[in-house]
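Asker: Quick check, what structure comes out for this input:
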Amino acid sequence: MESIAEKDLRFAILQNCNHCFCLECIRKWRKQHNNMEQEVEAKTVRACPECRVHSDYVIPSKTWIEDKDEKEKLIKIFHDNTKKIKCKYIKGSDVDSCPFGNKCFYKHQMPDGTIVEGKSPRTLRREQRVSAPPYLELLEFMIVSLSDDSDDGGLDFSWY
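Answerer: Residues are numbered from 1 along each chain as shown. Predicted coordinates for the structure are as follows:
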């Protein structure tokens with residue numbers, strides 16, 4: 001713990017356990033496991049490397065906090081502060097561009113200033129699986145509109 005404080009680094013406060021980590025180290029650990037080619041369950045990536053207790057998020061802090069009441073206070077301050085920051089995933093008025101949906105800690109502000117909650121991440125994932133990629137509609141349109149029956153030499157070709 002002292003080396004983190006001495007180097008002016010920040011601690012990583014996990015919401016559900018009291019293990020001590022350097023913020024950059026835990027972020028690197030989570031990113032490394034998120035980017036693995038093999039499928040790693042999200043709950044494994046989001047678990048404490050020591051006790052495996054699940055924590056959805058990491059809170060950066062200059063001081064180490066173990067007291068339960070102080071930790072709850074820090075979590076509330078963290079949430080209050082992030083709600084003031086505009087979400088980096090929101091593009092224009094497309095609230096569904098944020099993968100965290102209504103679970104996002106950040107502000108989903110539309111260009112007109114209104115705040116929108118969004119859909120649940122589960123609903124967003126389901127909709128992405130169901131909908132075809134937009135380029136397929138364009139490809140189908142191009143094939144149909146550019147095909148000219150007069151130059152096919154009488155050949156009959158089936159796409160199916």
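Asker: how's this protein carved up into domains?
Answerer: Using automatic domain parsing, the domain parsing of the chain gives 1-79, 83-130.
Asker: Let me see the contact set for Ile75.
Answerer: Gln15, Ile59 (C-beta atoms under 8 Å, 6 or more residues apart in numbering). Where C-beta positions appear, they are placed from N, C-alpha and C, glycine not excepted.
Asker: Equivalent analysis for the one 4 residues further on, please.
Answerer: Contacts for His79 (C-beta under 8 Å, 6+ apart) come out as Phe105.
Asker: Could you check how far it is from Lys107?
Answerer: 12 Å (C-beta to C-beta, to the nearest Å).
Asker: Show me the shaky parts of this protein.
Answerer: 1-8, 33-43, 121, 124, 129-160 (pLDDT under 70).
Asker: can you pull out the helices in it?
Answerer: Ranges of helices within the chain are 2-6, 23-34, 42-45, 68-82, 121-130, 134-146, based on DSSP state H.
Asker: and the nearest residue to Lys62 once chain neighbours are set aside, how many neighbours?
Answerer: Computed as C-beta to C-beta, 6 or more residues apart in numbering, the closest residue to Lys62 that is not its neighbour in sequence is Arg10, at 5.9 Å. By other C-beta atoms under 10 Å, 17 other residues sit near Arg10.
Asker: Report the separation between Ala47 and Lys83.
Answerer: 26 Å.
Asker: Who has more neighbours out of the two?
Answerer: Ala47 (19 against 12).
Asker: Could you pull up the residues touching that one?
Answerer: Here Ala47 is in contact with Val53, His54, Ser55 (C-beta under 8 Å, 6+ apart).
Asker: Around the first one, how many other residues sit close by?
Answerer: So that's Val53. 14.
Asker: wait, what's in contact with the closest residue to it other than its chain neighbours?
Answerer: With sequence-adjacent residues excluded and distances taken as C-beta to C-beta, 6+ apart, Val53 is closest to Cys17, at 4.4 Å. Counting by C-beta under 8 Å, 6+ apart, Cys17 touches Cys48, Glu50, Cys51, Val53, Ser55.
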